[in-house]
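Student: My questions concern the predicted model and sequence given below.
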Amino acid sequence: MNKNNLQDFIIPDHLIKDTSCPNRFSTAFGLVLDSLKIGMTAKKGEPYHIPENKIIRVLKGHATYRINIVDYKLNPDTCILLPADSIIEVVDYSEDIAIEVLIVKPLPALADSICHKLPTQLLVFTPSDAFLKRFNSFLILIGMMIDSTTASDNTIAQTVMALYTDILEEYSVCCNNTTAEQYSKHNEIFNRFVALLNRYGHTERKLEFYAKRLNLSPNHLNTTIRDMTGMTVKDWVNRTTITKAKILLSQSGMKILDIAKELKFPASTAFVRFFRQLNGMTPLQYRNNSRP
């Protein structure tokens, strides 16, 4: 593998504005330090499938990322623990946005030491200053180990796992310091609803399906979600479906007819009509516009 090839590790090349700072890569790990700047070339509204596990920290600037269909406002020092197979979409950002990323690729050689132990839950939080100092020290150490000719990927994996453990402990502290209001019954319903959407949302579009899974009446579920988010269940399902459609259009060679079948539309015309209503263009127009 070419250690200088960022495309294997992070958001596609056209989103990289400045890579002047040193980046380190081994077979299974990539460390991008103070170099990933999303500038004017970033395509807002274009979701990307991220296959690897990532630890992300915002260095400066502000952004809104849609991660697994939910919007998160990111500020300096916001940390993200991103599980594999997540979907990221840039909603908005300041021109000075810069982040650093530690990437863990799912290789068979690491299966016993790290991959099956990685958290599967998305975490977005602002840690303490003490944690950030430790975080920086971890990244320096991991970078030195990647540069080393003697440190194996399994050795690096143990350090990465120690960092993950520290992140989970810090996140737990952050949660304990938040108000009880954030863990209300409505919040629990929303989180369970989003989990169902990320699993079924691109093919199951009926309110009754989600209400039954959550043991709620359709009216109760819809009212709860609308009061919390300003969006109805149908709005959230449509967002999930359109996100999946965009990924298939831009990152696969599937025909429009096959994408319509994949998303359980009764006909390709129904899919085209749905996509145009929500996105202001046809699927083919979107595919053509999304090509670099």
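Tutor: In hand now; what should we look at?
Student: what about the closest residue in space to residue 226 that isn't next to it in sequence, how many neighbours?
Tutor: In this structure, residue 226 finds its nearest non-sequential neighbour in residue 232, 5.2 Å apart by C-beta to C-beta, 6 or more residues apart in numbering. In short, each C-beta sits where N, CA and C put it, glycine included. Number of residues near residue 232 (other C-beta atoms under 10 Å) recorded here: 15.
Student: so residue 232 touches residue 221, yeah?
Tutor: No: judged on C-beta atoms under 8 Å, residue 232 makes no contact with residue 221 at a distance of 9.9 Å.
Student: Assign a three-state SS to residue 101, would you?
Tutor: Classification of residue 101 using DSSP: H, G, I helix; E, B strand; the rest coil returns strand.
Student: Quick check: bridge partners of it?
Tutor: residue 32, residue 56 (DSSP bridges).
Student: where does it land on pLDDT?
Tutor: The score at residue 101 is 84. That number is its pLDDT.
Student: so how far is residue 56 from it?
Tutor: Taking C-beta to C-beta, to the nearest Å as the measure, residue 101 and residue 56 are separated by 5 Å.
Student: Just give me the neighbour total for the nearest residue to residue 205 once chain neighbours are set aside.
Tutor: For residue 205, ignoring the flanking residues on the chain, the nearest one in space by C-beta to C-beta, 6+ apart is residue 237 at 5.0 Å. By other C-beta under 10 Å, 22 other residues sit near residue 237.
Student: And residue 283, by the same measure?
Tutor: 21.
Student: thinking again about what came up before, tell me who's in contact with the residue nearest to residue 205.
Tutor: The contact partners of residue 237, by C-beta atoms under 8 Å, 6 or more residues apart in numbering, come to 197, 201, 204, 205.
Student: which one is the first one nearest to, not counting chain neighbours?
Tutor: Leaving aside its sequence neighbours, residue 197 sits nearest to residue 240 (C-beta to C-beta, 6+ apart; 4.8 Å).
Student: Show me where the stretch 1-150 of the chain has its strands.
Tutor: With DSSP state E, counting those that start in this stretch as the criterion, the stretch 1-150 of the chain has strands at 23-25, 29-37, 48-50, 53-60, 63-67, 70-74, 79-82, 86-93, 98-104, 123-125.
Student: And the closest residue to residue 163 other than its chain neighbours, how far from residue 161?
Tutor: Nearest non-adjacent residue to residue 163, counting by C-beta to C-beta, 6+ apart: residue 138, 4.5 Å away. Residue 138 sits 11 Å away from residue 161, taking C-beta to C-beta as the criterion.
Student: one step back: in TSV: the strands of the stretch 1-150 of the chain, plus distance to residue 286 and mean neighbour count.
Tutor: Putting those into TSV (distance: least, C-beta to C-beta, whole Å; neighbours: other C-beta atoms under 10 Å) gives the following:
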stretch	distance to residue 286	mean neighbour count
strand 23-25	31	20
strand 29-37	25	22
strand 48-50	14	18
strand 53-60	26	20
strand 63-67	17	19
strand 70-74	21	16
strand 79-82	25	21
strand 86-93	13	18
strand 98-104	26	22
strand 123-125	28	17
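Student: Can you add distance to residue 269 and give those strands back as CSV?
Tutor: Putting the strands of the stretch 1-150 of the chain into CSV (distance: least, C-beta to C-beta, whole Å) gives the following:
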stretch, distance to residue 269
strand 23-25, 46
strand 29-37, 40
strand 48-50, 27
strand 53-60, 38
strand 63-67, 28
strand 70-74, 31
strand 79-82, 36
strand 86-93, 26
strand 98-104, 41
strand 123-125, 39
